[in-house]
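J.: Turn this into a model:
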Amino acid sequence: MSIPIEVPGLDVILREIGEGKLVVVESGADAAKSFFVRRLSLSAGKIGWPVTFVTSRDKDELQAHFAVERGDSPLSDRWIDIREEDRVKDLDDLADGGGLLAMDSFSFLALDQPAEGIARSLRELRSICHHRGTSAVLATDRGMLDPRADAVVNHLADGLLQFHTRESPDGVQRYLRIPKWMDGKFVDRNIYYEFDGKRISVDLRNRVL
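T.: Here you go, the predicted structure:
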């Protein structure tokens with residue numbers, strides 16, 4: 001079973017996140033990344049997957065977001081386990097129960113770890129995900145980790161989805177890049193999207209940035 005990517009337009013390009021896969025979702029200072037990770041968590045909950053969500057921010061704030069974004073989705077009161085943490089620890093234990101492990105922001109939680117420690121933790125996480133069928137989605141903040149640690153995270157991911165923003169004469173332009181994906185394919189172009197705080201909508205037209 002896989003988690004459907006329920007984002008209009010993007011679901012045409014990337015239909016799902018497979019069981020046992022590790023995906024990194026990267027961005028700068030853009031709330032769309034965190035919204036996307038919450039969207040995936042809700043999608044996992046709707047297909048009956050248990051969700052463990054590790055947040056580096058306020059647990060109550062995250063619960064408030066979910067209360068609004070889940071709408072009338074028929075989810076069990078126990079569909080998600082939210083854990084507020086200040087650093088990465090025991091990733092293998094977090095992933096041991098199957099379902100979805102979501103972390104926002106992994107880069108902040110891993111700030112005190114050298115690149116070698118991050119590599120060791122992610123290799124252990126990948127192994128647990130593969131054997132237990134857990135899918136992991138790690139949200140990272142561009143530029144927070146040092147370049148070597150950042151390269152380690154992206155290298156060990158099965159899929160990498162990048163949110164970008166750029167100032168233009170018409171205002172802020174938002175676009176996605178997919179440098180790699182678990183099926184061996186990647187989309188070598190800018191995928192433009194709109195985000196109003198409540199919905200991500202992808203524009204599938206080809207444009208030049």
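J.: distance of residue 189 from residue 57?
T.: Going from residue 189 to residue 57 by Cβ to Cβ, to the nearest Å gives 32 Å. All C-beta atoms are positioned from the backbone trio N, CA, C, and that covers glycine.
J.: the strands in the chain, which residues?
T.: Here the chain has its strands, by DSSP state E, at 3-4, 16-17, 22-27, 51-55, 80-84, 100-104, 135-141, 159-168, 171-180, 187-195, 200-203.
J.: Could you figure out how far the longest helix along the chain is turned away from strand 22-27?
T.: The residue-count maximum for a helix in the chain (DSSP state H) belongs to helix 115-132. Inter-element angle recorded for helix 115-132 and strand 22-27: 130 degrees (by axes from the mean of the first three to the mean of the last three Cα atoms, to 10 degrees).
J.: Determine the set of other helices and strands touching helix 115-132.
T.: Here helix 115-132 touches strand 22-27, helix 91-95, strand 135-141, helix 147-156, going by 3 or more Cβ pairs under 8 Å, 6 or more residues apart in numbering; DSSP states H and E.
J.: For the strands of the chain, give me CSV that also has mean neighbour count and mean pLDDT.
T.: Output for the strands of the chain, formatted as CSV (neighbours: other Cβ atoms under 10 Å; pLDDT from 0 to 100):
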stretch, mean neighbour count, mean pLDDT
strand 3-4, 20, 94
strand 16-17, 20, 94
strand 22-27, 24, 96
strand 51-55, 22, 93
strand 80-84, 16, 91
strand 100-104, 26, 94
strand 135-141, 26, 95
strand 159-168, 17, 92
strand 171-180, 16, 91
strand 187-195, 17, 89
strand 200-203, 17, 90
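J.: I am finished for the moment; much appreciated.
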